[in-house]
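Asker: Sequence first, then the predicted structure, then my questions.
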Amino acid sequence: MEWKEFGNVVALIVDMQVGVFANPRHDRAGVVERINALTAAVRGHGGRVVFIRHTDAADGLAEGSEAWQLLPELVLSAADRCVEKSACDAFLNTPLADVLGNEALDALIIAGCASDFCVDTTVRTAAALGYPVRIASDAHTTADRPHLDALTIIRHHNYVWENLIVPGNPVRLASTAELCAMLARQAASAAR
């Protein structure tokens, strides 16, 4: 993996909400487990975690409703931030850029749901805005669609993201295990 060391790291977790998972999503338990491992590694590295919540009564995700809540099996920290959105793009008409701050990021690690809608749109916008996008390739999910099964959609988006043409700012993918190992090595090295 040819990535520079991570200094300032943010894990951006998209739409892991009760109502979003009312329809079956591919490998729900596995994705949640990997997101929990990833967020723990980011926190252990001294990084930040930002959860994105889709907020739209028309979509059945009214603010404060049970459907709007983050999945109960996610491990949260008091230091985590939440950003509400009403479009597929987590940056559109939200304070996400302000939450990420003006300090240069070394990695904006993105995971969540749905690979083919909100995760995809957020990845593309983040890369276009110059954020160093890193995707946990096995920590995003979606549902089967009428024309494709969820696993094919996930594989397709991993391929597309890794091959996006963003001059000087390529999107990088790695498994959750690889990302966690890299973060742990760097945290241990910094502690010496």
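Answerer: Good, I have the coordinates.
Asker: count of neighbours near E103?
Answerer: The number of residues packed near E103 is 7, by other Cβ atoms under 10 Å. Bear in mind the C-beta positions are built from the backbone N, C-alpha and C, glycine included.
Asker: what residues are up against it?
Answerer: N8 (Cβ atoms under 8 Å, 6 or more residues apart in numbering).
Asker: In its sheet, which strands sit next to the biggest strand by length in the chain, and in what direction?
Answerer: In the chain, with assignment by DSSP state E, the single longest strand is strand 133-141. Counting by DSSP bridges, the strands paired with strand 133-141 are strand 107-113 (parallel), strand 172-174 (parallel).
Asker: if you compare those, which one is most tucked away?
Answerer: Neighbour counts (mean count of other Cβ atoms under 10 Å) averaged over each of these peak at strand 107-113, with a mean of 26.
Asker: Just the CA atoms of that one, as PDB, please.
Answerer: Extracted in PDB, the C-alpha atoms of strand 107-113 (Å, rounded to 0.1, in the frame of the first residue of the first chain):
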ATOM      1  CA  ALA A 107      -7.000  10.700   5.200                       C
ATOM      2  CA  LEU A 108     -10.800  11.000   5.000                       C
ATOM      3  CA  ILE A 109     -11.800   7.300   5.400                       C
ATOM      4  CA  ILE A 110     -15.300   6.700   4.100                       C
ATOM      5  CA  ALA A 111     -17.600   3.800   4.900                       C
ATOM      6  CA  GLY A 112     -21.300   3.200   5.300                       C
ATOM      7  CA  CYS A 113     -24.500   2.900   3.300                       C
END
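Asker: The strands paired with strand 133-141: which one's closest to M182?
Answerer: Of all the strands paired with strand 133-141, it is strand 172-174 that lies closest to M182, at 7.6 Å by Cβ to Cβ.
Asker: By mean pLDDT, which helix or strand of this structure comes out lowest?
Answerer: helix 176-191 (a mean of 86; mean pLDDT, DSSP states H and E).
Asker: coming back round to it: would you convert the strands paired with strand 133-141 into TSV that also reports mean pLDDT?
Answerer: Shown next, in TSV, are the strands paired with strand 133-141 (pLDDT from 0 to 100):
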stretch	mean pLDDT
strand 107-113	97
strand 172-174	96
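Asker: Compare these and report which one is nearest to F51.
Answerer: strand 107-113 (8.5 Å).
Asker: Tell me how far the closest one lies from the chain's centre.
Answerer: 2 Å (Cα atoms, centre = their mean, to the nearest Å).
Asker: Might you list the low-confidence residue ranges for this structure?
Answerer: Scanning the chain with the threshold set as pLDDT under 70 gives 1-4, 192.
Asker: where exactly do the helices run in it?
Answerer: Taking DSSP state H as the criterion, the chain carries its helices at 28-44, 96-100, 120-128, 150-162, 176-191.
Asker: got a list of contacts for the third one?
Answerer: Applying Cβ under 8 Å, 6+ apart, the external contacts of helix 120-128 come out as 12, 14, 52, 87-92, 108, 110, 133, 135, 157, 160-161, 164, 166, 169, 171.
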